[in-house]
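A.B. asks: pasted the sequence and its predicted model underneath.
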Amino acid sequence: MKWKIVDLTQDIYSGMPVYPGHQRTVVYPAKTHEETAYAYRNSPSGHTSTTNILLMSDHGPTHVDAFVHMDSAPGAETIDELGFEWFFTEAICLDLSKFCGTDDWMSAGDLEDACQAAGLEVPDKGSVLIWTGHYEKYYGGDFNDYLYKYPGLSEEAMNWLADRGCVNVGIDSPSVDSSLAMKDRGYWAHKVCRERKVLNVENMANLKEVAGTKFLFSCLPLKMRGGTGSPVRAVAIYFE
């Protein structure tokens, strides 16, 4: 059996764009090979070492939200309380790139049309990734373009996905909600995720490469006690 993996994850680096108000990502050396050369000067194997320090939000780079992030109710799960079945599923990726450059709310009809155009169905207890084209067009330039204007899923659209058994929704922008949510605080997609128990993966990359296809999706989080979310290494896995 042949298989291939497509990386859907943004790089982690100092100064990368993060959702406005979140901790900035900082990566800096804790020690270098030059600094450890003296300490290990008598090493018979010629050993030196280098390590980095990471400072970032658990919602900074490509990441998944835990339910406690959006639900204040007692018992809302932290990231370490969620099983692997949430993060390793069958998946499809829908082409909604017609919304690129807008701050529109995508409707249930838009999702249904995208499914029909690609001949795909939402997998029960599976994941749906939304390719808007936002990453390809705006990432790497002026980060204000990436961070402050992008489309998102309406309340109706997210309910449409939940009705079909979707447990995880990913998107190639800072939020599954439209950037308009930053203005009026109406986070409708997150509202449905809270009410219907649907996870979401944000700040994804390279969805253009998998748009219109089905695959296995893996976005395993770090096992952080009490985590409100976690960086993930998101990938699409194809078997032939």
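C.D. replies: Nice, I can see it.
A.B. asks: ok, now which ones touch the residue nearest to residue 95 when sequence neighbours are not counted?
C.D. replies: Leaving aside its chain neighbours, residue 95 sits nearest to residue 211 (4.5 Å; criterion: CB to CB, 6 or more residues apart in numbering). C-beta coordinates here come from the backbone N, C-alpha and C atoms, glycine included. Counting by CB atoms under 8 Å, 6 or more residues apart in numbering, residue 211 touches 93-95, 97, 118, 131.
A.B. asks: that's a helix at residue 211, yeah?
C.D. replies: No: the assignment for residue 211 (DSSP: H, G, I helix; E, B strand; the rest coil) gives coil, which keeps it out of a helix.
A.B. asks: gap between it and residue 190?
C.D. replies: Going from residue 211 to residue 190 by CB to CB, to the nearest Å gives 24 Å.
A.B. asks: ok now the longest strand seen in the chain, how far from the chain's centre?
C.D. replies: In the chain, assigned by DSSP state E, the strand with the most residues is strand 88-95. Put simply, strand 88-95 sits 13 Å off its chain's centre (CA atoms, centre = their mean, to the nearest Å).
A.B. asks: quick one: contacts of that strand?
C.D. replies: Residues outside strand 88-95 that contact it (CB under 8 Å, 6+ apart): 111, 114-115, 117-118, 120-123, 125-131, 167-168, 207, 210-220, 236.
A.B. asks: run me through the strand neighbours of that strand, direction for each.
C.D. replies: Sheet pairing of strand 88-95 (DSSP bridges) gives strand 127-131 (parallel), strand 214-218 (antiparallel).
A.B. asks: got the CA coordinates for stretch 25-34 in PDB?
C.D. replies: Only the C-alpha atoms of stretch 25-34 are listed here, as PDB (Å, rounded to 0.1, in the frame of the first residue of the first chain):
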ATOM      1  CA  THR A  25       5.300  33.800  19.600                       C
ATOM      2  CA  VAL A  26       8.900  34.100  20.600                       C
ATOM      3  CA  VAL A  27      11.700  31.500  19.900                       C
ATOM      4  CA  TYR A  28      15.200  32.200  21.200                       C
ATOM      5  CA  PRO A  29      18.300  30.200  22.100                       C
ATOM      6  CA  ALA A  30      18.700  28.900  25.700                       C
ATOM      7  CA  LYS A  31      22.200  27.800  24.900                       C
ATOM      8  CA  THR A  32      24.300  27.400  21.700                       C
ATOM      9  CA  HIS A  33      27.000  25.000  20.500                       C
ATOM     10  CA  GLU A  34      29.600  27.700  21.000                       C
END
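A.B. asks: need the residues that contact that stretch.
C.D. replies: Contact with stretch 25-34 is made by 12-16, 18, 48-57, 60-61, as judged by CB under 8 Å, 6+ apart.
A.B. asks: just the buried ones from the residues you listed?
C.D. replies: 16, 18, 48, 56-57, 60-61 (16 or more other CB atoms under 10 Å).
A.B. asks: can you tell me which of the residues you listed is nearest residue 137?
C.D. replies: When these are compared for distance to residue 137 (CB to CB), residue 16 wins out at 17.1 Å.
A.B. asks: I am finished for the moment; much appreciated.
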